[in-house]
Structures are given as C-alpha cells and as structure tokens.
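> I would like the atomic coordinates for the input below:
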Amino acid sequence: MSTGLSEADEVLYNMLKVRRLALAQERGVPAYVVFTDKTLVDMAYRKPRNIVEFLNVNGVGKSKTDRFSKPFLEVISDYLEVACGGKQSIKINEIQRQGKKPQNIAEFMFGSQIKKSS
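Next up is the predicted model:
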C-alpha cells in the first residue's frame, strides 16, 4: 500500500501499526477493527497531540477515541520526542544512514515485528 506519506511520517505510520496490532491481538480481533490503514495514515499525517485533535482524524469517532486515544497519543508523543532530538534519535539516525526502511525504525522503537497483513 502506498501511503503518500513522507519518509518521516512513514516511520510514525509503522509505529502506529505496531500499536494497532498489539491492541487487536489483546482483543482477539483483526487489526482493521481497531483502525483501518487509511485512519492510521491520516493519524500519521496529522499527528494529533490531544483528544480534540484525535477526534479530527478520519475514521475516528467518540467510541474509538474513548477506547484507543491514550495508546495512540502515546505513540505519537514518543515519535515526536524522538523526531525532535530525544534520547533515541542518535540510534534512529544511524538506522536511517544504513539505508534501513521506516519499518526497521518502528521495530527498533517497539522491539516488535510488523506483520505484512496487519
């Protein structure tokens, strides 16, 4: 799937996919039940920082905001901290210099594999 996101936003998108997969597995549902890929793309593009901004993401309503805003806002906050020079940014810059893909950075951040079908 071509997301149309920048390389930096693609990193966040993959981080959001990791979180979505974990939440789906906890609930025993397919990943798309938590959020669709389209919603995660919009979330990566918008980078909401609070519940009001989260509600403006395509495919997010009050029910999903109540259930899922906290874990996804945490991912976005962690990403923004790193993107703005947080403690892991040096390692991430090294991963990027090695020519690794955004998925590798998401795996580094969460220590998890992203399934292609998620």
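
> from here on, just use CA atoms for contacts and neighbour counts.
Will do.

> mind listing what's buried in stretch 36-46?
By neighbour count with 16 or more other C-alpha atoms under 10 Å, stretch 36-46 contains the buried residues Thr36, Asp37, Thr39, Leu40, Val41, Asp42, Met43, Ala44, Tyr45, Arg46.

> of those, closest to Leu55?
Within those, the smallest distance to Leu55 is 10.1 Å, found for Met43 (C-alpha to C-alpha).

> measure the closest one to Gly28 for me?
To Gly28, Met43 is 23 Å away according to C-alpha to C-alpha, to the nearest Å.

> before we move on, the earlier item: next, format the buried residues of stretch 36-46 as JSON lines and append pLDDT.
Below are the buried residues of stretch 36-46 laid out as JSON lines (pLDDT from 0 to 100):
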{"residue": "Thr36", "pLDDT": "97"}
{"residue": "Asp37", "pLDDT": "96"}
{"residue": "Thr39", "pLDDT": "98"}
{"residue": "Leu40", "pLDDT": "97"}
{"residue": "Val41", "pLDDT": "96"}
{"residue": "Asp42", "pLDDT": "97"}
{"residue": "Met43", "pLDDT": "97"}
{"residue": "Ala44", "pLDDT": "94"}
{"residue": "Tyr45", "pLDDT": "94"}
{"residue": "Arg46", "pLDDT": "94"}
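
> now the two most distant members of the residues you listed.
Farthest pair in those, by C-alpha to C-alpha: Thr36 and Arg46, 15.4 Å.

> where do the helices sit along this structure?
Ranges of helices in the chain, per DSSP state H, are 7-27, 31-34, 37-46, 51-55, 62-83, 89-97, 102-110.

> worst mean pLDDT among those helices?
Among the helices of the chain, helix 89-97 has the lowest mean pLDDT, at a mean of 54.

> which residues touch the residue lying closest to Thr3 once chain neighbours are set aside?
For Thr3, ignoring the flanking residues on the chain, the nearest one in space by C-alpha to C-alpha, 6 or more residues apart in numbering is Val41 at 6.5 Å. Residues near Val41 by C-alpha atoms under 8 Å, 6 or more residues apart in numbering: Thr3, Leu5, Tyr13.

> neighbours around Gly61, how many?
By other C-alpha atoms under 10 Å, the residues close to Gly61 number 12.
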